[in-house]
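Participant: coords below, sequence missing:
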Ligand code: GTP
Ligand code: MG
């Protein structure tokens, strides 16, 4: 499946606990990864909207679970990032339960896009999350983002590193929010999860 026509894309709500999640029956795809890896930017590019989701060069921009309705038939869920040591303590403490609850309890959740920065070794947070996603058989798409920051030749070593560090045997999808590379490929991976 290639990119669907995005007729409407709108912010629905922010939540920090299950009671605040929207009550609807559409499938949800969540975007996870460390702070500043580019989750919010990826959502904007997938939807072809420049400013739907707020992004920032400062880590810790997204601090709540944010829901975006697409074509009234699908929901993208932007998660706060992990591993940002400078985050205020109260935010750091809340991150675990906030995101764990969503990922483990949400019935609408059909897939998780896990973002890794091509320039960085996968972190402990990345490994923990991927192991957990595997253990509970969540459909996971791995995206190696900021691909514009490395040369084509460097990509093979990124694939190797991802395979060895986080025991992921598939190839990550290389993506760049700057060039749009990888956008179609991500939609193609998400299609069967959203519309099985
Ligand atoms: P938190 O909300 O803090 O968890 O961060 P995030 O993962 O949502 O990251 P965000 O999308 O806000 O992007 C963080 C920074 O990385 C911004 O300055 C973006 O412009 C930049 N960025 C995101 N994607 C790319 C990319 O593909 N290439 C390059 N070069 N920069 C990117
Ligand atoms: Mg964000």
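Facilitator: Arrived safely, thanks for sending. Since this is a predicted model, take the numbers as computed values, not measurements. Numbering: from 1, shown residues only. Ligands and ions are numbered 1, 2, ... in the order given.
Participant: how far away is residue 60 from residue 20?
Facilitator: Taking Cβ to Cβ, to the nearest Å as the measure, residue 60 falls 20 Å from residue 20. (Glycine included, C-beta is placed from N, CA and C.)
Participant: which of those two has more neighbours?
Facilitator: The residue with more neighbours, out of residue 60 and residue 20, is residue 60; 18 against 12, by other Cβ atoms under 10 Å.
Participant: Give me the three-state assignment for the more buried one.
Facilitator: Three-state assignment for residue 60 (DSSP: H, G, I helix; E, B strand; the rest coil): coil.
Participant: Strands along this structure, start to end?
Facilitator: 9-15, 28-33, 65-70, 74-78, 109-117, 140-145, 173-174 (DSSP state E).
Participant: With respect to burial, which of those scores highest?
Facilitator: Each of the strands of the chain was given a mean neighbour count from mean count of other Cβ atoms under 10 Å, and the largest, a mean of 24, is that of strand 28-33.
Participant: Okay, now the sheet partners of it, with direction.
Facilitator: Paired with strand 28-33 in the same sheet, following DSSP bridges, are strand 74-78 (parallel), strand 109-117 (parallel).
Participant: Could you give the average pLDDT over the longest one?
Facilitator: Yep, that's strand 109-117 we're talking about. Taken as a whole, strand 109-117 has an average pLDDT of 97.
Participant: hmm, stretch 73-86 in reach of ligand 2?
Facilitator: No: legend: contact between stretch 73-86 and ligand 2 by Cβ under 5 Å from the ion is lacking; minimum distance shown is 5.9 Å.
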